[in-house]
Structure formats: structure tokens, C-alpha cells
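**Student:** Structure here, sequence nowhere to be found:
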Ligand SMILES: [Zn+2]
Ligand SMILES: [Zn+2]
């Protein structure tokens, strides 16, 4: 078993495997794109061949229509496929519906690219699973011992203490659906109203068998009737609603915490925190860790001479 130091490299188009000419979550349109999940920073339009899970295809199609891909090659979890001599397998990443880690096997060596992943329970996506690999290629957005994510249930329960209608800002794909499900479960007195841009995403979830619980399309008159509404809106709408009177404004964010006041934030992250990353390393049991998106410095310090940590970005 030999680890190829240049099996995955960073180019101007994104994360590249030159041994089989494919990109992982390319930032520019390319010939062969393996896409881990549908968030816009991982799934751009205009690629020729796209390899992804069925839900990822549906979300990309919703956003990009016909420019989503020339050809979609769909693979289910644990169904190996081949690109240029590399065997690839999607493994559930627990990040949003359809999100996948990408296991790549080449000449007997296993490389596992995590994409975005999370370990907190989330009934709106497939639970994360683990595979052993020789190289763990992990996102390191929150790879800092100071970052420990709070329990999302505790965050959602804060809604129960608010006695006015609530304007809740959140990303429309993935985060919003997780919030709807959590509100139905842990703040059941609240009624969820949904911005029209979020509705088609909900419909994909429901159609694929992920029931979110109760919610309805926002209507202007509804909020005047009573005070138990939570109106879920995407970030751009949230920011334009500054003048809403008698409405508590909250933003659901994974970031702790940049410009926003703690009291105005539900701290709910769809990424791994420091302890989660250490768990991932235990599960994958790699000889090397390559880091992306963030800061690998703390991991390098933590593992010292025990595991080689290489910072790719
Ligand atoms: Zn993501
Ligand atoms: Zn991301």
C-alpha cells in the first residue's frame, strides 16, 4: 500500500484527481465532477458529467434546471462506480439529504473525502456512516479545540420562551428543513410558516420520504392572527425585514459568532466540531489526514508525530 502524495491536489478549478481526471466539488465547470452534496459552494452548474446521489441531482436540478449537468450519473450509497481506474463509493455524510462522503480506491489505497459532514442526529437526512481509509481528506471549517457545538435541541427549545411571532432566517436548503422538523418536535406550540422560495426544497424532501411535520406557506395576514408563528425565511429576505414590528428576529447559524448577538442566534451547525473530528479520525483510522476548507493547524499540533497531517488549502 502506497499513499500517493499527489492523489488529490488543489487547482484553480478545485479539488482534482489527475490519476483519473475528475474533480471533487469543482468550483468551475469541468468534464468530470463528483459532487458530495447540493449546497451551492459544492455544486456549481455547467459540468459535463456529474456523479452524485439522487437527492443531490434533484436539488441541483431545482436550482440550475437544464444547466445542472450535461449528463447525471447517479449512484446510491455503497454502490461502487468507476472513473478512469479509480473506484468511487458514496457513504452517507449526515450533512443534508443526499450528502455523501466519497471513498476513492486506487491501487489498493483508500482515500476518503468527507465533503461537509456532521454527527449530530438529524432526522431530515441519512445518518452518517464510517469507512476505514488510509487517507482521511476532511473539511476543517471548525477544526479548533475552542469550537464545541451546543445541543441543537436546547437551541430550538429557546423558541418556547419567546411570546411573539418569530422571523427565523436560515439557509433554504438543508438547514431550513432540519429546523422545521426540530420545531415540530421540540417547540410543538409554534406554527411554522415557510417562505415561498423554501417550499420547493421541502417538496423534494417529502417526495423522497423525509417528512418534516407541519408547516404552511407564508401568508401576509396569518401573522396578525396570533403570536405563535415562526416564519422561516432565507438569508436575503431576513436581511431585508429589518423593520418588522413586534416580531422577534433570529438567525440560525453554525458560526459562533461573528456579527450577531447571541440572543439573536440559534446556534445550530451542520458541520463537525473539534470533538467530532477527533471521533472521525478514530473511526476512519487513517495513516494520514489531509485538511480542506479551514484550518488544519490545530490537528497538526494535536496529532504530532502519530498521524501525518497535511494542509491542502
Ligand atoms: Zn454543505
Ligand atoms: Zn460546504
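**Tutor:** Everything's here; your move. It should be emphasised that the depicted structure is a prediction, and the values quoted were computed from it without experimental measurement. Numbering: from 1, shown residues only. Ligands and ions are numbered 1, 2, ... in the order given.

**Student:** other SSEs contacting the helix or strand bottoming out on mean pLDDT in the chain?
**Tutor:** Confidence across the helices and strands of the chain bottoms out at helix 222-225, with a mean of 78, counting by mean pLDDT, DSSP states H and E. Contacts defined by 3 or more C-beta pairs under 8 Å, 6 or more residues apart in numbering; DSSP states H and E place helix 222-225 against strand 229-233. All C-beta spots, glycine's among them, are computed from the backbone N, C-alpha and C.

**Student:** Which positions in the helix or strand following the strand it packs on come out as buried?
**Tutor:** The first helix or strand that comes after strand 229-233 along the chain, using DSSP states H and E, is helix 235-240. Using 16 or more other C-beta atoms under 10 Å as the test for burial, helix 235-240 gives 237, 238.

**Student:** Show me the helices in the chain, by range?
**Tutor:** 54-64, 152-157, 175-186, 199-207, 222-225, 235-240, 274-284, 297-303 (DSSP state H).

**Student:** ranking those by mean pLDDT, which is last?
**Tutor:** When the helices of the chain are compared on mean pLDDT, helix 222-225 scores lowest, with a mean of 78.

**Student:** Touching, residue 87 and residue 79? I think so.
**Tutor:** No. Residue 87 is not in contact with residue 79 according to C-beta atoms under 8 Å; the separation is 10.9 Å.

**Student:** more neighbours, the two?
**Tutor:** Neighbours of residue 87 and residue 79, each counted by other C-beta atoms under 10 Å, are more numerous for residue 87; the result is 14 against 11.

**Student:** Find the nearest non-adjacent residue to the more buried one, please.
**Tutor:** What sits nearest to residue 87 in space, not counting adjacent residues and going by C-beta to C-beta, 6 or more residues apart in numbering, is residue 105, at 4.5 Å.

**Student:** For the one you found, give the beta-bridge partners.
**Tutor:** Beta-bridge pairing of residue 105 under DSSP bridges involves residue 87, residue 110.

**Student:** so how far is residue 269 from the residue most central in space within the chain?
**Tutor:** Closest to where the C-alpha atoms of the chain average out (C-alpha atoms, centre = their mean) is residue 95, at 4.1 Å. Going from residue 95 to residue 269 by C-beta to C-beta, to the nearest Å gives 10 Å.

**Student:** go on, residue 209?
**Tutor:** Look at residue 209 and residue 269: by C-beta to C-beta, they are 25 Å apart.

**Student:** quick one: which of the two has more around it?
**Tutor:** More neighbours sit around residue 269 than around the other of residue 209 and residue 269, counting by other C-beta under 10 Å; the figures are 22 against 7.

**Student:** Looks like the more buried one contacts residue 252 (just checking).
**Tutor:** No. In this structure, residue 269 sits apart from residue 252 without contact. The criterion is C-beta under 8 Å, and the distance is 9.5 Å.

**Student:** Contact partners for residue 183?
**Tutor:** Listed by C-beta atoms under 8 Å, 6 or more residues apart in numbering, the contact partners of residue 183 are 156, 159, 190, 192, 213, 230.

**Student:** which of those residues count as buried?
**Tutor:** Burial by neighbour count, 16+ other C-beta under 10 Å: within the contacts of residue 183 this picks out 156, 159, 190, 192, 230.

**Student:** Farthest pair within these?
**Tutor:** Pairwise distances among the buried ones among the contacts of residue 183 were taken by C-beta to C-beta; the largest, 11.7 Å, belongs to 156 and 192.

**Student:** Just the closest residue of this protein to ligand 2, please.
**Tutor:** Closest approach of the chain to ligand 2 (C-beta to the ion) occurs at residue 116, with a separation of 4.3 Å.

**Student:** what sits against the closest residue to that residue other than its chain neighbours?
**Tutor:** With C-beta to C-beta, 6+ apart as the criterion, residue 116 has its nearest non-adjacent residue at 4.4 Å, and that residue is residue 95. By C-beta under 8 Å, 6+ apart, the residues touching residue 95 are 37, 115, 116, 117, 118, 125, 174, 270, 271.

**Student:** who wins for most neighbours among those residues?
**Tutor:** The member of these that has the most neighbours, counting by other C-beta under 10 Å, is residue 37 with 28 neighbours.

**Student:** Got the confidence number for the one residue in the stretch 201-313 of the chain that gets nearest to ligand 1?
**Tutor:** Residue of the stretch 201-313 of the chain nearest ligand 1, by C-beta to the ion: residue 270 (6.5 Å). At residue 270 the predicted local distance difference test score is 94.
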